[in-house]
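Engineer: build the 3D model from these lines:
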Amino acid sequence: MFNFIMKTSMSKYMQVTGTPHHLVLYSFSALNYPLKFVNNKHINKHNIKSLPSLSSSLMLSARLDSASCCALRQNNGVGIIGGVSVLSTLIFLEKLVLWSSRNGNNNGVPFIVCSDPTLRQEAYTSSCYSNTGLDGFLVSENLRSKRVFLEQGGARCIVMPCHVSHALYGEITLGCGLPFLHVAQCVAMELKEVGFRPLEAGCGVKVGLIASEATLMAGFYQQELHNQGFEVAMPDKATMERIIKPAMKCLKKKDIEGARNLLRVAIQGLLVRAANTVILASDELQCLLPYDDPLVKYCVDPMDALARSAVKWANTAN
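Structural biologist: This is a model prediction of the structure:
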């Protein structure tokens, strides 16, 4: 068993507790100084050099047991199921702390994080097309066990900052008695509150959606947007093959500028089709454009909506 205190940019201090098979991070002090890698409005993870090694050393694979102690005692604690990308999970934590510290709130939101880097991208993408196979069952069971652990750890609300994991939302939430915020619901409801007007006569308000093939095929973003009365514009097959997928490959090759240029083309293509705004529902494309890029004002990061919804819930529960 180990127990130590880690100084972090996400809060003044963070406690790390666990065993070689089990790790939980939770905050217990408010943010009282600027975040280290927030560029005004947007975090640019592609300029971060040190976080991947840090996250790899701290976010250990989790094998959960019911004997774990209750980490949170507050009635507004948020439990966070880490996604495929550990770095994206850390960025979500930054967003959560950033939004919770707005309007002079120095207390922040108490949270617990459970992350398992052994669940690789390949396992998710193969299982999220259809959750009827063995892989889908194993992944949903794994994530559901993390949800149960967070509940036992004192969380009173659950969030999952991973797009593709929401394809298994129904299975993961099975038997859950706590609020479990859905990222697509959060972003769709926020966009509804904006009050967009149609850009084309005779058409409804149109929202662009850029995501990985697995997320698009899962269909939960489209469903939630339709539920709020939006039309959804997505890249066609040619755009996916010639622009979106090559952009992902550029990122793997560390060709950031090449990926940015391709993403700009994809966004402009949806704006030309009269989309009022474009949702970037992809961990890979998250924060890819610099904050001062002219196209940023037309884009929405669903993880910001999820973080704001979690903060809103926590403030209400408190």
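Engineer: which stretches of this structure form strands?
Structural biologist: 2-6, 14-19, 22-27, 78-81, 111-114, 157-159, 206-211, 231-233, 277-281, 299-300 (DSSP state E).
Engineer: give me the sheet partners of the fifth one and which way each runs.
Structural biologist: Read it as strand 111-114. Paired strands of strand 111-114, with direction, are strand 22-27 (antiparallel), strand 78-81 (parallel) (DSSP bridges).
Engineer: which of the ones you listed comes out lowest on mean pLDDT?
Structural biologist: Ranked by mean pLDDT, the strands paired with strand 111-114 bottom out at strand 22-27, with a mean of 48.
Engineer: identify all contacting residues around stretch 185-204.
Structural biologist: 205-207, 221, 224-225, 227-231, 274-277, 279, 300, 302, 305-306, 308-309 (C-beta atoms under 8 Å, 6 or more residues apart in numbering). All C-beta atoms are positioned from the backbone trio N, CA, C, and that covers glycine.
Engineer: counting neighbours, which of those residues end up buried?
Structural biologist: 205-207, 221, 224-225, 228, 230-231, 275-277, 279, 300, 302, 305-306, 308-309 (16 or more other C-beta atoms under 10 Å).
Engineer: which of the strands of the chain has the lowest mean pLDDT?
Structural biologist: It's strand 2-6: among the strands of the chain, that one has the lowest mean pLDDT, namely a mean of 36.
Engineer: quick one: residues contacting residue 159.
Structural biologist: By C-beta under 8 Å, 6+ apart, the residues touching residue 159 are 78, 79, 80, 81, 180, 181, 183, 306, 310.
Engineer: which pair of those residues spans the longest distance?
Structural biologist: Using C-beta to C-beta, the two most remote members of the contacts of residue 159 are 79 and 183, lying 14.8 Å apart.
Engineer: quick one: which of the two has more around it?
Structural biologist: residue 79 (30 against 25; other C-beta atoms under 10 Å).
Engineer: can you tell me how far the more buried one sits from residue 200?
Structural biologist: According to C-beta to C-beta, to the nearest Å, residue 79 stands 42 Å off from residue 200.
Engineer: again, but for residue 244
Structural biologist: Relative to residue 200, and taking C-beta to C-beta, residue 244 is found at 24 Å.
Engineer: compare the two (neighbour count), which wins?
Structural biologist: Under the criterion of other C-beta under 10 Å, the comparison of residue 244 against residue 200 puts residue 244 first, with 23 against 11.
Engineer: just to check, that one is in contact with residue 209?
Structural biologist: No. Look at residue 244 against residue 209 with C-beta atoms under 8 Å: they stay out of range, at 11.2 Å.
Engineer: what is the helix ranked longest in the chain packed up against?
Structural biologist: Using DSSP state H to define each element, the chain has its longest helix at helix 134-152. Packing partners of helix 134-152 (3 or more C-beta pairs under 8 Å, 6 or more residues apart in numbering; DSSP states H and E): strand 78-81, strand 111-114, helix 121-128, strand 157-159, helix 169-172.
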